[in-house]
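Engineer: this one's structure only:
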Ligand code: FES
Ligand SMILES: [Fe+2]
């Protein structure tokens, strides 16, 4: 159901205050995360091994975490180091520890084999403090399986219908198709939007200039979207033969960047993290605020249709879907996740 050997976004880094553990459920597993006194993050199973109380209600003591039910204390590896009133600590008194990393303003947790946790697999998101961009951020919870959100983010034809009142894409946009390329751990989707394909309402907010809009994004396992949108002078798409522009030859008039992450909480609930904003420069704060407002409206529209879709799916178990040419991105992405799950299964089999 889930890829385990990958980094999941558990929280924004600003959600984690020193000395204050937080509890988050990732792919169905409760995890407690806190900042160790001597630095670094600790992520443990959020379930005390004594009587199973949540450790996220516990107290950080230096690098360790004390369960605030009967006082067992755990170190950053999850080993119990103290049982009040008992000298002997059984070897079974421990909780699972997960690799955790703070990067690009997100807290990433590796849910699979800790020996395979490789920081180079963290997708290159753009953190909120990056001086090149003026970003605003948020998150949203979904009553839906994460794959439905991944599908939505790898097929933008819905912009013309779901976002008619926010991003305001034309119906011609839905009739066009982007380029989809397979990557090792995801897909790359890119397109030019010019002439009749140009979006309407949204352009006034985030494009800030007339011209040809170039959009390219990577959608990487397990569900991280990194997208650059650039507006170039009219005719640039033509000039580059509808292929990627060379910013060394033609400078974009305006640009914006968004990082987004879909994290499964359970099989039926998900959390969606996002940041978006223009390239830093004069007036970018006001533009970033307007973009965030637009994003909240648009992402609310996605949430409404996707949650309704989930409820509809639940009433028709096993019903086959009829896919269209718009589903290339979603299908490629699902194939990547399935391949990763298969690889994990065969590695586990070989190890058994
Ligand atoms: S449940 Fe944690 S110490 Fe008892
Ligand atoms: Fe959408």
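Structural biologist: Nice, I can see it. The model shown is predicted, which means the values in this text are computed figures rather than measured ones. Ligands and ions are numbered 1, 2, ... in the order given.
Engineer: residue 191 against residue 181, yeah?
Structural biologist: No: look at residue 191 against residue 181 with Cβ atoms under 8 Å: they stay out of range, at 11.8 Å. C-betas here are computed from N, CA, C, even on glycine.
Engineer: what residue is smack in the middle of this structure?
Structural biologist: residue 261 (0.8 Å; Cα atoms, centre = their mean).
Engineer: if we can go back for a sec, looking at residue 191 and residue 181, which is more packed in?
Structural biologist: Set side by side, residue 191 and residue 181 show more neighbours around residue 191, with 20 against 11, by other Cβ atoms under 10 Å.
Engineer: gap between the helix or strand where that one lies and the chain center?
Structural biologist: Residue 191 belongs to strand 186-193 when assigned by DSSP states H and E. Between the centre of strand 186-193 and the centre of its chain there are 18 Å (Cα atoms, centre = their mean, to the nearest Å).
Engineer: ok, now stretch 72-86?
Structural biologist: 34 Å.
Engineer: tell me the bridge partners for the closest residue to the residue nearest to the centre of the chain other than its chain neighbours.
Structural biologist: Closest residue in space to residue 261, ignoring its immediate chain neighbours: residue 9 at 3.9 Å, by Cβ to Cβ, 6 or more residues apart in numbering. Using DSSP bridges, the beta-bridge partners of residue 9 come out as residue 108.
Engineer: just confirm residue 9 contacts residue 259, I think it does.
Structural biologist: No: applying Cβ under 8 Å as the test, residue 9 and residue 259 come out as separate, 9.5 Å apart.
Engineer: list the residues that contact both of these two?
Structural biologist: Residues touching both residue 9 and residue 259 by Cβ atoms under 8 Å, 6 or more residues apart in numbering: residue 224.
Engineer: for the lengthiest helix in the chain, packing partners?
Structural biologist: Counting residues, the longest helix found in the chain (DSSP state H) is helix 284-314. In terms of contacts (3 or more Cβ pairs under 8 Å, 6 or more residues apart in numbering; DSSP states H and E), helix 284-314 is packed against strand 136-142, helix 146-153, strand 270-278.
Engineer: between these, which gets nearest to ligand 1?
Structural biologist: Closest approach to ligand 1 among the helices and strands packed on helix 284-314 (Cβ to the nearest ligand atom): strand 270-278, 26.5 Å.
Engineer: which strands and helices lie in contact with the closest one?
Structural biologist: Contacts defined by 3+ Cβ pairs under 8 Å, 6+ apart place strand 270-278 against strand 136-142, helix 146-153, strand 254-264, helix 284-314.
Engineer: residues from the stretch 51-200 of the chain in reach of ligand 1?
Structural biologist: With Cβ under 6 Å from any ligand atom as the criterion, the stretch 51-200 of the chain comes near ligand 1 at residues 51, 53, 67, 69-72.
Engineer: check contacts around residue 12.
Structural biologist: Residue 12 neighbours (Cβ under 8 Å, 6+ apart): 105-107, 137, 139, 273.
Engineer: repeat that for 10 Å
Structural biologist: 105-107, 128, 137-139, 273, 275 (Cβ atoms under 10 Å, 6 or more residues apart in numbering).
Engineer: if we can go back for a sec, for the following helix or strand past the longest helix of the chain, packing partners?
Structural biologist: Next helix or strand after helix 284-314 toward the C-terminus (DSSP H and E): helix 328-351. In terms of contacts (3 or more Cβ pairs under 10 Å, 6 or more residues apart in numbering; DSSP states H and E), helix 328-351 is packed against helix 146-153, strand 179-183, strand 186-193, strand 212-220.
Engineer: now do the buried residues in the longest helix of the chain.
Structural biologist: Neighbour counts over helix 284-314 (16 or more other Cβ atoms under 10 Å) mark 284, 287-288, 290-292, 294-295, 298-299, 301-303, 305-306, 310 as buried.
Engineer: same check, this time on stretch 12-32
Structural biologist: Buried residues in stretch 12-32 (16+ other Cβ under 10 Å): 12-13, 16, 21-22, 24-27, 29-32.
Engineer: what of stretch 46-65?
Structural biologist: For stretch 46-65, the neighbour count (16+ other Cβ under 10 Å) marks 46-49, 53-56, 58-60, 64-65 as buried.
Engineer: regarding it, how distant is the last residue from the first?
Structural biologist: The first and last residues of stretch 46-65 sit 11 Å apart, counting by Cα to Cα, to the nearest Å.
Engineer: so for that stretch, what's the average pLDDT?
Structural biologist: Averaged over stretch 46-65, pLDDT sits at 98.
Engineer: go on, stretch 136-152?
Structural biologist: Stretch 136-152 comes out with an average pLDDT of 98.
Engineer: got the end-to-end distance for it?
Structural biologist: Start-to-end, stretch 136-152 (Cα to Cα) is 21 Å.
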